[in-house]
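Peer 1: Predicted model, plus sequence, below.
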Amino acid sequence: MTATHALGLDIGGSSVKAALVRGDAVLATAIRPIDQARQPGAVVGTLAAVADEMRGSWGQVDTIGVALPGLYDADTGVPTLLPNFPAVWHGYPFRSAAEEALGQQVTLANDAKAFSVAESLLGAGRGHRAVACFVLGTGVGGGVIIDGKLWRGAGYAGEFGHLSVDLDGPRCGCGNHGCVESYASAAAICAAAGQASVDKVFEASRAGDPAALAAIGQAVRALAAGMANVFVAIAPDRIVIGGGVATAGDELFGPLRDAVRERVLVADPDLLQVVPASLGRFAGAIGAALSASSGSGLADQS
């Protein structure tokens, strides 16, 4: 059976990232900016333009997956919650509009779930049976992959940003109190440190800035508590961490690994593998492609 060409398109806050995948090989990647207004019709136009470029270079594209930065109705393909996009997206017939513009069926995926599938199948979790992924971006997302399949549970499994780690903590955007996201998202870290970006926060921490050091310490404690809870609940072979916050590297991973080990006392500490993602900024696009072609359990189709 001939392997298919699967195109993945990942919609971010400022760009569309694309990856063309055949089997387990990434053949090509591309990134195209989107207009700052982020209107849905214009974004759909960018998706179509990128797809046309890939077809022009590689010929037929057999399947297309699109990763959305939020939640959507699986039956209708209509976005229901895209926190960092204009309100006009809510109720917009995205999937049908995308299919008309691209000229073929489109598979939708949540961006954090797409990242999780990509890293588990082709990235830092490859070869492991059970993988839990955390995506540390503007918010905190994630996913659980077991035997190469996304575990949905009742539909929301892997929303690690909304694990409660402080019963009396601040109110989260989800309405709960003391969620991991309230402390460990890029937005929360920057707000606590009084800095414009996570890079600036870590730069300030290296200079000994008390607010930056406190913000990072708070984020590490919240993440460690959340990851310890995940390990105690499902004992994944690996916990993979990606997203913009994870680019801090050892400044984050060193104290985080130590903090997780201190919180998990029911297992051999050597079983706790907390590793950085390996696919870089195209992981979401790769996962979207896989969602459309591999039966990863990620997909929602029309």
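Peer 2: On my side now, so go ahead.

Peer 1: quick one, what contacts Ile146?
Peer 2: For Ile146, the contacting residues are 129-130, by C-beta atoms under 8 Å, 6 or more residues apart in numbering. Any C-beta I mention is one placed from the backbone N, CA and C, and that applies to glycine too.

Peer 1: what about the longest helix in this protein?
Peer 2: The longest helix of the chain (DSSP state H) is helix 210-234.

Peer 1: pretty sure Ala186 is touching Thr247, no?
Peer 2: No. The criterion here is C-beta atoms under 8 Å, and Ala186 misses it with Thr247 at 10.3 Å.

Peer 1: Check the contact lists of these two and give me the overlap.
Peer 2: Here Ala186 and Thr247 have Val198 as joint contacts, going by C-beta under 8 Å, 6+ apart.

Peer 1: neighbour-wise, which of those two wins?
Peer 2: Higher neighbour count among Ala186 and Thr247: Ala186, with 20 against 17, using other C-beta atoms under 10 Å.

Peer 1: need the helices for the protein, in chain order.
Peer 2: Under DSSP H, the chain gives helices at 40-58, 94-102, 111-121, 181-184, 186-193, 198-206, 210-234, 250-263, 283-293.

Peer 1: and those helices, which is most packed in?
Peer 2: When those are scored by mean count of other C-beta atoms under 10 Å, the highest mean neighbour count falls to helix 283-293 (a mean of 32).

Peer 1: helices or strands up against that helix?
Peer 2: strand 5-11, strand 15-22, strand 63-68, strand 106-110, helix 111-121 (3 or more C-beta pairs under 8 Å, 6 or more residues apart in numbering; DSSP states H and E).

Peer 1: what stretches of the stretch 151-300 of the chain score poorly on pLDDT?
Peer 2: For the stretch 151-300 of the chain, the stretches with pLDDT under 70 are 294-300.

Peer 1: How many residues are close by His177?
Peer 2: His177 has 14 nearby residues by other C-beta under 10 Å.

Peer 1: domains for the protein, by residue range?
Peer 2: Following automatic domain parsing, the chain resolves into domains at 5-113+282-301, 124-278.

Peer 1: from the chain's centre, how far out does the first one sit?
Peer 2: Read that as domain 5-113+282-301. Relative to its chain's centre, domain 5-113+282-301 lies at 14 Å (C-alpha atoms, centre = their mean, to the nearest Å).

Peer 1: swap in the last one?
Peer 2: With C-alpha atoms, centre = their mean as the basis, domain 124-278 stands 12 Å off its chain's centre.

Peer 1: Quick one: end-to-end distance for it.
Peer 2: For domain 124-278, the separation between the terminal residues is 5 Å (C-alpha to C-alpha, to the nearest Å).
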